[in-house]
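Chemist: what follows is a predicted structure for the sequence shown.
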Amino acid sequence: CCEALAHIAPAFLEAYYQFSAVAWTSSVLEPKVKEFIALSVNASTTHLHEAGMRMHIRRAIACGATPREIMEVLQLTSVLGIHTCSIGVPIFTEELARAGTPVV
């Protein structure tokens, strides 16, 4: 992705890198907390970026994160997937009712 983008739109890629670096250069949040947030984004159901998860787990450990803290980040992130059921199942049952098909 980035290699192709570097050839096709190098100015855009550079602007993206500049933009994405801003939060990492701020000192408001502790580095460990930033790694937890980045891990959560990379582990989210809609993203699932394995290389990003691996990198941010390593960096969180290097920042002093414990295995229990990292596991809790993953557990908190995993609930994002519940919306598939909390939104999808009611729609599914409504459509079954509309079609006259009983919910079994």
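Modeler: That came through fine. Numbers count the residues shown, from 1 in each chain.
Chemist: drop to CA atoms for contacts and neighbour counts, all remaining ones
Modeler: Fine.
Chemist: name the SS class of the residue positioned nearest the centre of the chain, please.
Modeler: In the chain, the residue lying closest to the centroid (Cα atoms, centre = their mean) is residue 41, at 2.1 Å. On the three-state scheme (DSSP: H, G, I helix; E, B strand; the rest coil), residue 41 is labelled helix.
Chemist: so for it, what's the pLDDT?
Modeler: The model reports residue 41 with a pLDDT of 95.
Chemist: who touches it in this structure?
Modeler: Neighbouring residues of residue 41 by Cα atoms under 8 Å, 6 or more residues apart in numbering: residue 47.
Chemist: how far away is it from residue 52?
Modeler: 9 Å (Cα to Cα, to the nearest Å).
Chemist: and what of residue 44?
Modeler: Residue 44 is 11 Å from residue 52, by Cα to Cα.
Chemist: which ones are touching residue 47?
Modeler: residue 41.
Chemist: per-residue pLDDT, it?
Modeler: Reading off the model, residue 47 has pLDDT 89.
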